[in-house]
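Trainee: no letters, just coordinates:
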């Protein structure tokens, strides 16, 4: 895809995503956030994205439930920071892929594909999708914000 024009790349990505939606199975989760193995955002510490500027794996030793989803933290201090203001540190679109949300669907995330913009955490499906997201963050945020009310009701999640 490296030599394809940008519009062709976008259409190819949308076709792949649309196909994945059609083939995806229903994903069950306990709470409102993207969960894998019953833990939000694959067990990564949401506060670390802001304080350390990088993804840091949490531990079940420091956990906190928010909106029915269990979050793990790398320290008691980070757990306490989150507990005091979960809305401030929780990822946008309940931890589903921000670029996927801009296209109106829920997708899984790679905790290493993240962006913090205007004190908000956005997670993406993978690093390639993150690059596409980063090409127009304000436009993608506007699209995703508009899609969220309807897409948040979906039960299918692209893995």
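Mentor: Received it, and whenever you're ready, just let me know what you need. Computed from a predicted model, the values in this text were never measured in an experiment.
Trainee: return the backbone torsion pair for residue 59.
Mentor: Main-chain torsions, residue 59, degrees, to the nearest 10: phi -140, psi 150.
Trainee: in contact with it, which residues?
Mentor: Residues near residue 59 by Cβ atoms under 8 Å, 6 or more residues apart in numbering: 72, 73, 74. The C-beta positions use only the backbone N, C-alpha and C, and glycine is treated the same way.
Trainee: could you do residue 57 as well?
Mentor: Contacts of residue 57 (Cβ under 8 Å, 6+ apart): 43, 44, 45, 72, 74.
Trainee: most neighbours, which of the contacts of residue 59?
Mentor: For the contacts of residue 59, the largest number of neighbours (other Cβ atoms under 10 Å) sits with residue 73, at 28 neighbours.
Trainee: closest one to residue 150 out of the contacts of residue 59, please.
Mentor: The nearest member of the contacts of residue 59 to residue 150, counting by Cβ to Cβ, is residue 72 at 29.7 Å.
Trainee: for the protein, what helix or strand is lowest in average pLDDT?
Mentor: Scoring the helices and strands of the chain by mean pLDDT, DSSP states H and E places helix 6-23 at the bottom, with a mean of 50.
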